[in-house]
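**Student:** Task: produce atomic coordinates for the following.
(chains A, B and C)
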Amino acid sequence: MSYHWNWGILLAQEPGGTGTYLHYLIVGLGWTLATALAAWVIALVLGSFIGTLRTTGNRWIVRLGNGYVELFRNIPLLVQMFLWYFVVPELLPVRLGDAIKQMPPPWGSYVPAVLCLALYTSVRVAEQVKAGIQSLPRGQTFAGTAMGLTQLQAYRYVILPQAFRIILPPLTSEFMNIIKNSSVALTIGLMELTGRARAMQEFSFQVFEAFAAATVIYILTTLVVVLGMRWLERAVRVPGLIAASGAAQAAH
Amino acid sequence: MPDAMISIRNLSKWYGAFQVLTDCSTQIAKGEVVVVCGPSGSGKSTLIKCVNGLEAFQKGEVVVDGISVGGPKTDLPKLRSRVGMVFQHFELFPHMSVIRNLTLAQEKVLHRSPKDANEKGMKLLERVGLAAHSGKFPAQLSGGQQQRVAIARALSMDPIAMLFDEPTSALDPEMINEVLDVMVALAKDGMTMMVVTHEMGFARKVAHRVIFMDQGQIVEDCSKDEFFGKPRSERAQLFLSKILQH
Amino acid sequence: MGGFDWEVIRTSLPYLFKVGMVFTLTLTVLAMAGGIVFGTLLAMMRVSGLRSLGLLAGTYVNLMRSIPLVLVIFWFFFLVPYIGAWILREPRPIPVGTFYSALITFTMFEAAYYCEIMRAGIQSIPRGQVWSGFALGLGYWQTMGHIVLPQAFRNMLPVLLTQTIILFQDTSLVYVISATDFLGAASKIANRDYRLVEMYSFVAVVYFILSFGLSLLVRRLQVRIAVVR
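**Tutor:** All right, here's what the predicted structure looks like:
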């Protein structure tokens, strides 16, 4: 083996003149998180909405929801990324499409990347929300509506607060997925962490230092997310069994 | 006892800090039928699993047919192939047909030819009255039928002794007798048997000795007549009175 | 946009399928086979009860699951030539080509995911099954091979296949090492003829039909397995 290790490269200046390679990678992490977080917020809202609708029992709404889920689940993420970046602007009215295409970097990549990851992940969130709601005993809705709550209120105060507690662990792994998946955006020119590791490898020829540094940063990020979620799980935990009233109270 | 088939000496076992077996000793002679009873949690299932090394133990010695179970060089698979075992929950292999359940170990452990294994298997299924069901899968049989298949499976290895771990306690009452009948027949054929069970009728009919366990210890170890005549310990008396009321 | 050009799709069909899709499907099938075998070994290590083996497999699985697949693809793309040189004692890195690089990557990466599925499968088998295997005198490998793994595999078949559909979609990421898989082939034509809308829309439709069709099959299988039990 003839590889020359040079860990000092991380502290050398990167050719763009913004600072060291390490700094360059950490800015990349910033873009990774900015992409993932923005997409996560949209995914969570949209996914919760669609997931809830799918449990209402209205046949047409359920079918529409199923179609949405199948559409985004059966096309590879990278292909969806290309659709958002190359195809969607062409399908929009010409002026809007041109405006999107002329967005200055990095926004021209950032916006499609966020939309793509958001919709892709919303489907997975919707599946979890649906499963969480369906895992609750039906008596919970009955009990809620028997007390005079409307269907909407029963969801708001009784069903969803319990369902979200149940699906917190799978949602954590979905959040980690969205962080990892944001690396796919490098294909449409977003210089997030993996993209910058790749660029560093091309500039410096120190392949393994670049990838090792990125790997360590990803692992540290994962650890922080896991710890944060554990804290959140403790914070919203309902003492004893998950009782409807307790869950609703704790949600405020 | 010079011709002891199974000999257990000063056996102790712990799960972490919790002691499940305390200094248990007994012997089972060739051709002897011994019933082990006691309240749940008394360690009787653990004791019988130590005999063929399914449970490891920390102190003492178990010797089966002259071979030490806990010995570092003991070929456990070989030893186990000579001691049949029947479980509470049957533990037939659900993904294999009844006859395949009987032939698998004959082929893989005893290296019998498929033809011989099949013949042997069919003969044993006939003996337990289930030859007609050989092609079915375990889930298609009743509990009693499954347990009879499990006994036939253990017998297919030509065991020198048989261990039964609560063989009827997972069965509906109307199925218990069909299994006990097979076991009684086996006992009358002279099979060496160690049976963990609450079926005192079975014990009265064929057991030579009864062992009573409580809290990980062997409290009584005496002949059947002595045990049912007048157990020495209060705990055994209490246990018997509870069992016999039912 | 200038109208949707069907012609470019029609003329490139042979290239897209005979080169691109063949690459994608070969990669998927081989990586699935390799990934399940390696993943099952990892799962056996994790449930073995031997602390060092369990820790080793656990670390591997967690490492693979905490970094993006794109980064793993890059890692192996550059690492495999060095490992090849090390094994063959060559002084220089050995070029292996994008297909074998991708095959090694996906086998190693998916093994981590198959491992967790098989681990759940093994743990779903009651302990009594293992005991009764041992009680019959079967050894560890015989008990695993004839009794535990066949049942675990059967119980987990729908999940394993669902993971394989994900693998099928994930193989499109070999685009980042310029491999000519189905998407790569389409991308090459899209850029040559400047027909990105047509080619990427077509690719999306084909992936959708295949993935959705497979997932319908898996669902039917799931129902059948549930009935048999």
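
**Student:** Next, count neighbours for A:R156.
**Tutor:** For A:R156, the count of nearby residues is 16 (other CB atoms under 10 Å in any protein chain shown). Placement of C-beta: from N, CA and C, glycine included.

**Student:** what do you get for the one 10 residues further on?
**Tutor:** By other CB under 10 Å, the residues close to A:I166 number 18.

**Student:** can you pull the contacts of the residue nearest to it when sequence neighbours are not counted?
**Tutor:** Distances taken as CB to CB, 6 or more residues apart in numbering or on different chains put A:G132 closest to A:I166, at 4.7 Å, once the chain neighbours are dropped. Contact analysis of A:G132 by CB atoms under 8 Å, 6 or more residues apart in numbering or on different chains lists A:G51, A:Q162, A:A163, A:F164, A:I166, A:I167.

**Student:** what residue ranges in chain C are flagged as low confidence?
**Tutor:** C:1-2, C:226-229 (pLDDT under 70).

**Student:** could you pull out the helices for it?
**Tutor:** Assigned by DSSP state H, chain C shows helices spanning C:6-14, C:22-47, C:51-66, C:69-87, C:97-123, C:127-135, C:140-142, C:149-170, C:182-193, C:196-228.

**Student:** In JSON lines: these, plus distance to chain B and mean neighbour count.
**Tutor:** Formatted as JSON lines, the helices of chain C follow (distance: least, CB to the nearest CB, whole Å; neighbours: other CB atoms under 10 Å in any protein chain shown):
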{"stretch": "helix C:6-14", "distance to chain B": "44", "mean neighbour count": "13"}
{"stretch": "helix C:22-47", "distance to chain B": "16", "mean neighbour count": "20"}
{"stretch": "helix C:51-66", "distance to chain B": "16", "mean neighbour count": "15"}
{"stretch": "helix C:69-87", "distance to chain B": "34", "mean neighbour count": "20"}
{"stretch": "helix C:97-123", "distance to chain B": "12", "mean neighbour count": "21"}
{"stretch": "helix C:127-135", "distance to chain B": "4", "mean neighbour count": "21"}
{"stretch": "helix C:140-142", "distance to chain B": "5", "mean neighbour count": "14"}
{"stretch": "helix C:149-170", "distance to chain B": "5", "mean neighbour count": "19"}
{"stretch": "helix C:182-193", "distance to chain B": "37", "mean neighbour count": "21"}
{"stretch": "helix C:196-228", "distance to chain B": "8", "mean neighbour count": "16"}
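
**Student:** and A:F86, which of the ones you listed is closest to it?
**Tutor:** Shortest distance between A:F86 and the helices of chain C, using CB to CB, is found for helix C:196-228: 4.4 Å.

**Student:** how about the residues of the stretch 101-250 of chain A near chain C?
**Tutor:** Residues of the stretch 101-250 of chain A found near chain C (CB under 8 Å from any CB of the partner chain) are A:176, A:180-184, A:186-187, A:194, A:197-198, A:201, A:207-208, A:211, A:214-215, A:218-219, A:222.

**Student:** mind running it again at 10 Å?
**Tutor:** A:173, A:176-177, A:179-187, A:192-195, A:197-198, A:201, A:207-208, A:210-212, A:214-223, A:225-226 (CB under 10 Å from any CB of the partner chain).

**Student:** from those, which are also near chain B?
**Tutor:** Checking these against chain B (CB under 10 Å from any CB), there are no matches.

**Student:** Among the residues you listed, which are located in helices?
**Tutor:** The helices, defined by DSSP H, take in A:173, A:176-177, A:179-181, A:193-195, A:197-198, A:201, A:207-208, A:210-212, A:214-223, A:225-226 from these.

**Student:** By neighbour count, sort out the buried ones in these.
**Tutor:** By neighbour count, with 16 or more other CB atoms under 10 Å in any protein chain shown, these hold A:176-177, A:179-181, A:193-195, A:197-198, A:201, A:207-208, A:210-212, A:214-215, A:217-218, A:221-222, A:225 as buried.

**Student:** How far off centre is the longest helix belonging to chain B?
**Tutor:** Identified as the longest helix of chain B according to DSSP H is helix B:173-188. Its chain's average C-alpha position is 13 Å from that of helix B:173-188, according to CA atoms, centre = their mean, to the nearest Å.

**Student:** which residues touch A:A199?
**Tutor:** Residues near A:A199 by CB atoms under 10 Å, 6 or more residues apart in numbering or on different chains: A:E14, A:P15, A:G16, A:Y21, A:Y24, A:L25, A:G28, A:L186, A:M191, A:A210.

**Student:** For the closest residue to the third one other than its chain neighbours, give its distance to A:Y3.
**Tutor:** Okay, so that is A:G16. For A:G16, ignoring the flanking residues on the chain, the nearest one in space by CB to CB, 6+ apart is A:Y24 at 7.4 Å. Separation of A:Y24 from A:Y3 (CB to CB, to the nearest Å) stands at 22 Å.

**Student:** The two: which is more packed in?
**Tutor:** Set A:Y24 next to A:Y3 and count neighbours by other CB under 10 Å: A:Y24 wins out with 23 against 14.

**Student:** Surely the more buried one is in contact with A:M191?
**Tutor:** Yes. Contact criterion CB atoms under 10 Å: A:Y24 and A:M191 qualify, at 9.1 Å.

**Student:** In strands only, show me the contacts of A:A199.
**Tutor:** Among the contacts of A:A199, the subset assigned to strands under DSSP state E is empty.

**Student:** Just these: which are in helices?
**Tutor:** Under the assignment DSSP H, the contacts of A:A199 contribute A:Y21, A:Y24, A:L25, A:G28, A:A210 to helices.

**Student:** list the contacts for residue 32?
**Tutor:** I'll assume chain A. Residues in contact with A:T32, defined by CB under 10 Å, 6+ apart, are A:178-180, A:182-183, A:185, A:190-196, A:214, A:217-218, A:221, C:68.

**Student:** Chain C, not that one
**Tutor:** Counted by CB under 10 Å, 6+ apart, C:M32 has contacts C:G39, C:F106, C:T107, C:E110, C:Y114, C:L160, C:L161, C:Q163, C:T164, C:L167, C:F168.

**Student:** Now the residues you listed in JSON lines, please, with extra columns for distance to B:H89.
**Tutor:** Shown next, in JSON lines, are the contacts of C:M32 (distance: CB to CB, whole Å):
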{"residue": "C:G39", "distance to B:H89": "29"}
{"residue": "C:F106", "distance to B:H89": "40"}
{"residue": "C:T107", "distance to B:H89": "38"}
{"residue": "C:E110", "distance to B:H89": "35"}
{"residue": "C:Y114", "distance to B:H89": "29"}
{"residue": "C:L160", "distance to B:H89": "27"}
{"residue": "C:L161", "distance to B:H89": "30"}
{"residue": "C:Q163", "distance to B:H89": "31"}
{"residue": "C:T164", "distance to B:H89": "33"}
{"residue": "C:L167", "distance to B:H89": "37"}
{"residue": "C:F168", "distance to B:H89": "40"}
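
**Student:** Surely B:M96 is within a helix?
**Tutor:** No. B:M96: not assigned to a helix; according to DSSP: H, G, I helix; E, B strand; the rest coil it is coil.

**Student:** Leaving out chain neighbours, which residue sits closest to the closest residue to chain B within chain C?
**Tutor:** Chain B sits closest to C:G137 of chain C, with a gap of 2.6 Å, by CB to the nearest CB. Spatial nearest neighbour of C:G137, excluding adjacent residues (CB to CB, 6+ apart): B:S81 at 2.6 Å.
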